[in-house]
Each structure stands twice: as C-alpha cells, then as structure tokens.
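> build me a model from this:
(chains A and B)
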Amino acid sequence: MNTTQLTLFWLFAALTCGGAIAVCVSQNVVRMAFSLVLTLGSTAVLFLLLGADFVGATQLLVYVGGTLVLIVFGVMLTATGPFTRIKSSAAGGILSGLIGIAFLFIVASTVTSVRWVDSDKGQGVASKIEFGTHSKAVASHFNPEQQGNTTRQLGLSFLSLRADRDLKFGIPPAPVEESNTAPVIPGESVAAAALPLNSNPKLSVGYLLPFEIVSVHLLVVLVGAAYLARTKRRTKS
Amino acid sequence: MQPIDPNPFLIVGAVLFVCGVVCMTTKRNGIGVLMGVELVLNGANLNFITFSRCTPLGLDGQVFSLFVIVLAAAEAAVALAIALNFYNNHLTIDVDRGDELHG
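Modelled structure (predicted):
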C-alpha cells in the first residue's frame, strides 16, 4: 500500500475501533446509535480500501441507510423519558472490560500468529488450501489488472456464471490452445482473447440457488416482522 | 496488484468482534444487544473481505459478505419487532425484566 492508502487505513481503522469501543462504553442509547453509524461507515471505507467496491457501497446503502435507520426508529419508539439510560453496575463494567481485553488479546494473538500470505513461495497457509478443482494460477489471478470494479463479476456469480474462475480473465491462453486456433492479433483486446472457456470441463459453482433462498427468506422475514410489530387491540379480560 | 498485509485488517475485525460480544453480554438495553450483534457481523464481514483480497478465496468472500449483510438486515427487522412487542408488554426495554419463564 502506498502512503495515501496507509494514511486512510489508519484513520478509518482508528474511527472503526473508537466507534466500536464507544458503543460498548456509552450508557446512552442515542449516543450508542451515533457511534454505530460512525463504525459502520468507517468499515465501508475499509472495504473500499480492500478493493471490494460493490460490497462497500452495499454496506453504506443497506447497513447505514437501512438497518441503522431501523435501529434508530427502535430507539425512538422505546427510549422514552427515563428509559434512555439503563445503568449497569460499575463493578460489572470493570469486570466485563477486563474480560473483553483478555478475549481481544487471545483473538488477536491467534490471528497474527498465522502466516496467511505467502511472502516466500508456498509458505503461507492460504496457498496450501485447494479451492475446488481450479489450479492456483486461475484462482490467484483474481482481478489482477482492474483493482476494484467487481460489480459485473458479482452479478454474474449470482447468475451462476463465474467469470472470474471459468473465463480466465487477464490470463493469456495456454500454448496448447493457441496452436489450433487462429493466431492472436496483437491489437485485439485481452478480454476477447481470454473468452474461450477453461479447458477444465467442470464449471465452478455459482450462487443462483442461495440468491433465490435469500430473496424468499427476506420476503418471509419482512412479512413476519410486519405481523409481529402490528398494533394489537387490547381485549378486555 | 501489490500484496496487502492482512494482519492490520484482521486485528480491526477482532476489535469489532470483541466489542460486539462485550456489548451483547453487558448491555441491559434490548436495542444495545441488537447493536452488539451488528458489530459482530461487521467484524466477520471485514474478515471475509480481507481474505478475499489477500488469499485465493477470490470473489467468494465478497459474495458471502453480501449474504451476511442481507441476513443482518432481516435479523434487525425481526429483532426490532420483538423489541417493540417486549416494550408493549413490559413498558420498558430492560432485558432483565423479561424473566417470566424462569419457572
């Protein structure tokens, strides 16, 4: 990462962690909601820094724009007058803080003790995992030239078309395939040269069925939520 | 693309996860518990995106994080409806008051 990316990362990582700690520490519900807005927005910027532009935009739209507005409505409807702050005891707060710090130490030391990326060849954990039937050359060249710009590939994967796995974007075709096809014109675009399917006859798995299940699930959940939250008539008993 | 060290992102994800767990266990406000769940899901999402960038996991991590976002929205809707019903029955949102089922 260059200097700008590093500065942005440290700024928004500090905002994310500070907002999360403020959510834990604060006793006022409205301040907790504001800190949560700060945390989720900064997390969206971290997603953008990692090259996931569509997920970052979705985080801003769905989380900050939808879910948090829902939570703020819940705060407005339930935190009336004396119920804005519900105190917990000071000793319990100190104890839970100590347990939380110990838990954070365990999780962080465990995560950082693993070498995830192979800085030397074949030394990392992640390079030893086989991802399906695909060679490492295909899998590790995910999105090589066009950093970010993942919207089309995500949409195609929701239609069970794995453009990032099966079409070999950005990888020149193997010399065996070149021998019996027409010679590649130098002015031709890379995408057109990479269009023939992978020689592996097994296609990658897509996400059409989970997408359908999630959409039906969302419909059922929204109907159920509207049924649960309806105003009941008080029956005299 | 130049490689990125995943450890700082993973530590931020760990901070989010731990804050969410502490928030879930210590808050007496029902909405506060809901906010803790959101923090935990965001920590998991940050780990998914980090591994999709730094390892051969590729696009699958981003797809999973999209599913997590959608399911978190659904969970928030249902939990908020339950919280409103709790408020209607108890006239408070303190989760320690919901102890009618202790036998």
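> correct me, but A:Ser204 touches A:Arg162?
Yes. Using Cβ atoms under 8 Å, A:Ser204 makes contact with A:Arg162 at a distance of 3.9 Å. For every residue, glycine as well, the C-beta is placed using N, CA and C.
> low-confidence ranges in chain B?
Residue ranges of chain B with pLDDT under 70: B:1-2, B:103.
> tell me what the longest helix anywhere in chain B is packed against?
Ordering each helix of chain B by length in residues (DSSP state H) puts helix B:59-90 first. Applying 3 or more Cβ pairs under 8 Å, 6 or more residues apart in numbering or on different chains; DSSP states H and E, we find helix B:59-90 packed against helix A:53-58, helix A:68-78, helix A:151-158, helix A:208-228, helix B:30-54.
> and the angle from the last one to helix A:68-78?
Between the axis of helix B:30-54 and that of helix A:68-78 there is an angle of 170 degrees, by axes from the mean of the first three to the mean of the last three Cα atoms, to 10 degrees.
> over to the third one?
Here the directions of helix A:151-158 and helix A:68-78 differ by 80 degrees (the same axes, to 10 degrees).
> related to what we said a few turns ago, how far away from the center of its chain is the longest helix of chain B?
Its chain's C-alpha centre and that of helix B:59-90 lie 9 Å apart, by Cα atoms, centre = their mean, to the nearest Å.
> the inter-axis angle of that helix versus helix A:208-228?
10 degrees.
> out of the helices and strands packed on helix B:59-90, which gets nearest to A:Ala33?
helix A:68-78 (5.3 Å; Cβ to Cβ).
> following element in sequence after the closest one, please.
Using DSSP states H and E, the helix or strand that follows helix A:68-78 in sequence is helix A:90-112.
> any buried residues in that following helix, and which?
By neighbour count on 16 or more other Cβ atoms under 10 Å in any protein chain shown, the buried set for helix A:90-112 is A:Gly93, A:Ser96, A:Gly100, A:Leu104, A:Val107, A:Ala108, A:Val111.
> could I get these as JSON lines with distance to A:Ser26?
Converted to JSON lines, the buried residues of helix A:90-112 look like this (distance: Cβ to Cβ, whole Å):
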{"residue": "A:Gly93", "distance to A:Ser26": "11"}
{"residue": "A:Ser96", "distance to A:Ser26": "14"}
{"residue": "A:Gly100", "distance to A:Ser26": "15"}
{"residue": "A:Leu104", "distance to A:Ser26": "18"}
{"residue": "A:Val107", "distance to A:Ser26": "23"}
{"residue": "A:Ala108", "distance to A:Ser26": "23"}
{"residue": "A:Val111", "distance to A:Ser26": "27"}
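> from those residues, which two are the most distant?
A:Gly93 and A:Val111 (26.4 Å).
> re the thing from before, hey, which of the helices and strands packed on helix B:59-90 is tucked in deepest?
The highest mean neighbour count among the helices and strands packed on helix B:59-90, using mean count of other Cβ atoms under 10 Å in any protein chain shown, belongs to helix B:30-54: a mean of 24.
> from the chain's centroid, how far away is it?
On the basis of Cα atoms, centre = their mean, helix B:30-54 sits 5 Å off its chain's mean C-alpha point.
> so does that helix get close to chain A?
Yes. If you take Cβ under 8 Å from any Cβ of the partner chain as the test, helix B:30-54 does meet chain A, through B:30-32, B:34-36, B:38-39, B:42, B:45-46, B:49-54.
> could you check the angle that helix makes with helix A:90-112?
Angle, helix B:30-54 to helix A:90-112, by the same axes, to 10 degrees: 10 degrees.
> which helices and strands does helix B:30-54 pack with?
With contacts defined as 3+ Cβ pairs under 8 Å, 6+ apart, helix B:30-54 has these neighbours: helix A:3-25, helix A:29-49, helix A:68-78, helix B:7-26, helix B:59-90.
> grab the nearest non-local neighbour of residue 15.
With no chain named, the answer covers chain A. Of all residues not flanking A:Leu15 in the chain, A:Ser42 sits nearest, at 4.0 Å (Cβ to Cβ, 6 or more residues apart in numbering or on different chains).
> that answer is for a different chain, and I need it for chain B
Nearest to B:Val15 is A:Cys17, by Cβ to Cβ, 6+ apart, at 4.7 Å.
> count of residues packed around that neighbour?
Per other Cβ atoms under 10 Å in any protein chain shown, the neighbour tally for A:Cys17 reads 18.
> contact partners for it?
For A:Cys17, the contacting residues are B:Val12, B:Val15, B:Leu16, B:Cys19, by Cβ atoms under 8 Å, 6 or more residues apart in numbering or on different chains.
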